[in-house]
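Student: next one to model:
(one chain, ligands or ions: 4)
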Amino acid sequence: MKRRQVLSVMFIFMVMMSAVEAKPKYIGVEKCASCHKAEHLAWKTSVHAKAFNVLKPGKRKKAKLLAELDPEKDYTADKKCVGCHVTGYREKGGFKDVASTPEFIGVSCESCHGAGSKYAVLHNDNPSGFTKQEAIELGQLYGVDDEAVCLACHAHKDSPFHEGLDDKYKFDWKAALKIHKAYHPKPKKSSFSFM
Ligand code: HEC
Ligand code: HEC
Ligand code: HEC
Ligand code: HEC
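Tutor: Ligands and ions are numbered 1, 2, ... in the order given. Below you'll find the model as predicted:
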């Protein structure tokens, strides 16, 4: 290779590396919880927090039978299942397996708000607030504006539990957003408990 070719290959490689670098990482519930105590407390008792448990043998037997799944089987390491029952499956920083990434078990903050390594810095630097646009540029997601955030798991063709199986699995986005006990309520005052 000529020197110029070597340089251009190196340049392309560097651009690729910075693109990889640019993608935010998953940082885990505890990091968010350090500032958002109210949401964290509420979320801990929600169905999303416990969503991994339903993959265990003996859980939700009736529902599994209806979906022609084996109620006595352990689905907690099944690649076809875990993706929607954990946070950041196979993504940078996210869930790998129970042993190495236990903090990403269940559907947590970053499943709905996006991988947080970049926007958490924005939050930290701007305790009195920031614009949505700034946050979105750093990878924050807004499930109230964008149904796709929820549809990554709900009413998805890869989920065994969809409306084709039973009407009760029909996903009505606007109605689902109102079920605050499924994630956390809107705090009365500022949720920010850092100051
Ligand atoms: C260092 C403290 C801190 C950390 C860490 C932090 N936040 Fe925030 N967050 C804030 C502050 C401050 C605000 C803006 C004031 C407010 O809304 O209470 C905010 C606002 C938000 C909002 C509302 C956004 C908007 O546009 O109004 C969401 C959602 C949020 N944070 C989620 C998270 C999640 C998820 C994590 C973890 C990945 C996280 N935050 C980490 C301090 C933090
Ligand atoms: C594409 C995302 C996705 C995949 C893949 C997925 N699930 Fe789920 N699962 C969901 C969602 C969303 C719900 C909640 C459905 C509802 O209540 O409307 C759910 C609910 C469940 C429930 C509770 C059902 C009930 O009525 O109590 C069980 C059990 C379950 N899933 C097991 C599995 C198993 C086993 C697999 C693999 C064979 C799997 N899931 C794969 C998204 C997924
Ligand atoms: C099932 C989805 C879901 C999960 C899980 C979830 N949230 Fe939220 N959260 C939302 C939605 C939807 C909103 C409304 C704003 C938006 O669309 O981002 C919201 C709003 C917020 C706000 C702004 C509250 C306000 O009105 O001032 C904060 C802060 C927040 N979430 C933090 C968290 C933290 C911390 C966790 C984890 C402990 C978490 N959320 C888990 C869906 C979720
Ligand atoms: C990473 C996957 C994932 C994402 C993203 C997600 N959910 Fe869920 N959600 C689940 C799973 C899995 C369950 C089932 C938990 C169970 O049955 O124990 C569930 C359960 C629920 C339930 C309770 C279902 C019922 O019938 O009571 C509601 C409501 C809900 N989700 C709303 C939302 C909304 C609104 C959003 C978007 C802001 C969202 N979810 C995003 C995976 C997800």
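Student: contact partners for the most centrally placed residue in the chain?
Tutor: Nearest residue to the geometric centre of the chain (CA atoms, centre = their mean): residue 111, 1.2 Å. Contacts for residue 111 (CB atoms under 8 Å, 6 or more residues apart in numbering) come out as 48, 87-88, 152-153. For glycine as for every other residue, the C-beta is placed from the backbone atoms N, C-alpha and C.
Student: next one: residue 56
Tutor: Residue 56 touches 74-76, counting by CB under 8 Å, 6+ apart.
Student: could you check how far it is from ligand 2?
Tutor: Relative to ligand 2, residue 56 is positioned 9 Å away (CB to the nearest ligand atom, to the nearest Å).
Student: what's the pLDDT at that residue?
Tutor: Looking at residue 56, its pLDDT reads 98.
Student: can you tell me how far it is from ligand 3?
Tutor: 20 Å.
Student: give me the phi and psi angles of that residue.
Tutor: Phi and psi for residue 56, reported as degrees, to the nearest 10, are phi -80, psi 150.
Student: tell me if the host helix or strand of the residue nearest to the centre of the chain is near ligand 2.
Tutor: Using DSSP states H and E, the element containing residue 111 is helix 109-113. No - shown here: helix 109-113 not in contact with ligand 2 (CB under 6 Å from any ligand atom), separated by at least 10.7 Å.
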